[in-house]
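> Below are the sequence and a predicted model; questions follow.
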Amino acid sequence: MFFQKKKNQKGFTLIELLVTISIFVILTGVVIFNESKFNSTVLLTNLAYDTALTIRQAQTYGINIKEFGDNKFIPYGVHFATGANNKSFILFADVEYINDSSVAHPYDTNATLSECETKYGCVSRYTIQRGNYISDLKVDGASVDTLDIVFKRPNPDALIYSGGTAHNSAQIYLKSSDGTGSTTISVWANGLIQIN
């Protein structure tokens with residue numbers, strides 16, 4: 001009688017398989033967590049650049065020949081607000097400028113941020129997506145509820161208004177939906193726009 005020698009069986013034991021799956025689950029969880037945090041940071045950075053570009057667009061419209069309605073060479077600006085209106089901002093034309101050629105005016109306070117009607121001078125209403133929001137507005141270091149940054153021909157200087165008063169600088173604070181990320185857009189009276 002001949003006995004055959006058993007071949008070594010290859011494969012994972014149950015313990016080895018459970019350890020391997022546990023390591024895989026832990027690594028996958030870490031990657032997914034970091035990816036969502038990374039995505040949140042990217043979305044907030046994109047929002048900051050879009051906001052800064054909208055302010056630059058108002059500057060370009062204000063010092064160039066962008067017409068609004070039948071009127072030419074009127075100032076353009078961007079209106080920001082906190083509180084219930086902290087999820088959008090408005091690019092507007094200063095329709096009141098026609099009657100008073102000496103100063104630019106802030107956005108018509110009779111209009112809400114949910115409206116974008118030409119009678120108020122609204123050019124475009126931008127809605128902030130993905131849960132991000134405007135967390136704070138400051139002028140010359142003090143918090144305010146509303147902020148208007150206006151540009152008037154022929155100078156590229158920014159006219160910074162809050163509550164009808166002119167200021168030298170403004171900061172727009174943006175926060176991510178989870179509250180962990182934040183960025184700031186600073187605007188100075190000389191027209192400089194910076195993202196911090």
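The structure has been received and is ready for your questions.

> what are the ranges of the helices in this protein?
Taking DSSP state H as the test, the helices found in the chain are 14-63.

> Pull up the distance across stretch 63-81, start to finish.
24 Å (Cα to Cα, to the nearest Å).

> Buried ones in that stretch, by neighbour count?
By 16 or more other Cβ atoms under 10 Å, the buried positions in stretch 63-81 come out as Ile63, Lys66, Phe68, Phe73, Ile74, Pro75, Tyr76, Gly77, Val78, His79, Phe80, Ala81. To be clear about C-beta, it is placed using only N, CA and C from the backbone, and glycine gets the same treatment.

> Count the residues that sit near Ile26.
Neighbourhood size, Ile26 [other Cβ atoms under 10 Å]: 10.

> quick one: it from Phe33, how far?
Ile26 sits 11 Å away from Phe33, going by Cβ to Cβ, to the nearest Å.

> ok now do Phe12, which residues does it touch?
Thr20 (Cβ atoms under 8 Å, 6 or more residues apart in numbering).

> Quick one: residues contacting Phe92.
Going by Cβ under 8 Å, 6+ apart, Phe92 touches Tyr76, Gly77, Val78, His79, Tyr107, Asp108, Tyr120, Gly121, Cys122, Val123.

> Just give the nearest non-adjacent residue to the fifth one, would you?
Once its chain neighbours are removed from consideration, Tyr107 has its nearest residue in His79; the separation is 3.7 Å (Cβ to Cβ, 6 or more residues apart in numbering).

> ok, back up a step: just send the buried residues of stretch 63-81 back as a markdown table, with pLDDT and distance to Glu96 too.
Putting the buried residues of stretch 63-81 into a markdown table (pLDDT from 0 to 100; distance: Cβ to Cβ, whole Å) gives the following:
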| residue | pLDDT | distance to Glu96 |
| --- | --- | --- |
| Ile63 | 86 | 19 |
| Lys66 | 72 | 17 |
| Phe68 | 73 | 12 |
| Phe73 | 72 | 14 |
| Ile74 | 83 | 9 |
| Pro75 | 88 | 10 |
| Tyr76 | 91 | 13 |
| Gly77 | 92 | 11 |
| Val78 | 94 | 16 |
| His79 | 92 | 13 |
| Phe80 | 94 | 19 |
| Ala81 | 91 | 19 |
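
> picking that back up, verify the stated contact: the residue nearest to Tyr107 with Ala93.
No: judged on Cβ atoms under 8 Å, His79 makes no contact with Ala93 at a distance of 11.3 Å.

> For the chain, give me the ranges with low pLDDT.
Counting by pLDDT under 70, the ranges of the chain that qualify are 1-9, 34, 36-38, 65, 69-72, 98-104, 109-115.

> Work out which residue lies at the spatial centre of it.
The residue lying closest to the centre of the chain (Cα atoms, centre = their mean) is Leu47, at 3.4 Å.
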